[in-house]
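1. Give me coordinates for this.
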Amino acid sequence: MTTHALPEADWQAWQNSWDRQQEEYLPDREERFRVMLEMTEALVGPAPKVLDLACGTGSISDRLLTRMPQASTVGVDRDPALLTIARGTFAADRRARFLTVDLGDPDWTGALSQEGPFDAVLTATALHWMRTEPLRTLYGQLAGLVREGGVFMNADHMPDESTPRINAAVHTYEEARRRQRTGEGRLDWGGWWAALAEDPALGKVAAERFALFGNPAEVRHDHNDEEFQDAGWHAATLRQVGFAEARAVWASPTDALVLGLR
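-> Residues are numbered from 1 along each chain as shown. Next comes the predicted model:
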């Protein structure tokens with residue numbers, strides 16, 4: 001279903017609210033975006049044609065177009081509520097377009113037949129819901145969307161299971177920090193979605209989203225939380241499916257940014 005932007009909503013306010021909610025879980029979120037865009041500019045120049053994969057509200061597109069005004073971006077996602085915010089935010093910007101695409105559809109790349117190939121495919125905190133084999137398949141599909149010399153980058157949760165004591169300590173610390181900040185009145189994941197559903201301009205698309213994925217205010221985990229791959233797996237898989245080089249270019253205690261060069 002294609003969801004059109006509603007002029008009644010305060011798009012920038014919802015973008016800012018989304019950023020604050022995401023930073024509750026990813027305090028280094030802007031750092032990963034900075035490195036991602038620096039690597040994009042270094043490898044494909046200051047005017048790239050970008051696919052913002054699983055784009056959500058268009059966070060990557062926003063930062064891309066601010067840093068590189070000559071760039072263009074196509075965002076794809078399945079979430080009708082987040083796409084509505086993206087479309088509303090960029091309604092007057094001809095450099096950005098947003099398409100409803102289900103990455104679980106084997107033929108999803110067909111929706112981009114008139115768009116590619118791309119200089120860069122960028123995604124962040126979005127593919128962790130995919131299990132190992134579907135993600136491997138997706139990476140193979142992406143190799144066909146990136147031009148020779150182009151790049152793919154994925155910033156996401158990529159834990160190193162060889163350090164269980166470190167991982168446990170980091171998890172305990174971060175959970176305590178989130179509980180404290182939520183107690184100070186900051187919106188967590190479920191609280192953000194509950195607030196969105198109460199907005200008269202966005203309640204309908206929020207209901208569409210809940211019908212597809214469940215209500216995050218009621219179901220905390222609406223994605224895969226059992227199979228995570230470390231950065232080495234991501235890099236090795238990208239090389240296996242056709243990328244000439246691949247490695248991590250940034251990391252935190254829990255996450256990493258892996259770059260594949262075609």
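2. Go through stretch 24-38 and flag the buried ones.
-> Buried residues in stretch 24-38, defined by neighbour count with 16 or more other Cβ atoms under 10 Å: 24, 26, 28-29, 32-33, 35-37. C-beta: built from backbone N, CA, C; applies to glycine.
3. Closest one of those to P69?
-> When the buried residues of stretch 24-38 are compared for distance to P69 (Cβ to Cβ), L37 comes out closest, at 12.6 Å.
4. Need the nearest residue in space to that closest one, chain neighbours excluded.
-> Take L37 and drop its neighbours on the chain: the residue closest to it by Cβ to Cβ, 6 or more residues apart in numbering is R67, 5.2 Å away.
5. Filter the buried residues of stretch 24-38 down to the ones in helices?
-> When DSSP state H defines the helices, the subset of these inside them is 24, 29, 32-33, 35-37.
6. of those, closest to G110?
-> For these, the residue nearest G110 by Cβ to Cβ is M36; the value is 26.6 Å.
7. For the stretch 51-200 of the chain, just list every one of the helices.
-> In the stretch 51-200 of the chain, the helices defined using DSSP state H, counting those that start in this stretch lie at 59-67, 80-89, 132-143, 164-183, 189-198.
8. Next, the angle from the fourth one to helix 189-198.
-> By that I understand helix 164-183. For helix 164-183 and helix 189-198, the angle between their directions (axes from the mean of the first three to the mean of the last three Cα atoms, to 10 degrees) works out to 40 degrees.
9. residues making contact with helix 164-183?
-> Residues external to helix 164-183 that are found in contact with it (Cβ atoms under 8 Å, 6 or more residues apart in numbering): 24-25, 159-161, 188, 191, 253-254.
10. For those, I'd like a selection string for ChimeraX - just the buried members, please.
-> To isolate the buried members of those in ChimeraX, using 16+ other Cβ under 10 Å:
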select :24,159,188,191,254
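11. re the thing from before, from the buried residues of stretch 24-38, which shows the smallest pLDDT?
-> Comparing pLDDT over the buried residues of stretch 24-38 singles out E24 as the least confident position, at 89.
12. wouldn't that one be in contact with D188 here?
-> Yes - when contacts are counted by Cβ atoms under 8 Å, E24 is listed as touching D188 (6.1 Å).
13. one step back: quick check, nearest of the contacts of helix 164-183 to A244?
-> Proximity of the contacts of helix 164-183 to A244 was ranked by Cβ to Cβ; the top entry is D160 with 25.0 Å.
14. okay, which residue of the protein is out on the far edge from center?
-> Checked against the mean C-alpha position of the chain, the extreme residue using Cα atoms, centre = their mean is R165, at a distance of 28.4 Å.
15. How many residues are close by T237?
-> When neighbours are defined as other Cβ atoms under 10 Å, T237 has 20 of them.
16. Good, wrapping up.
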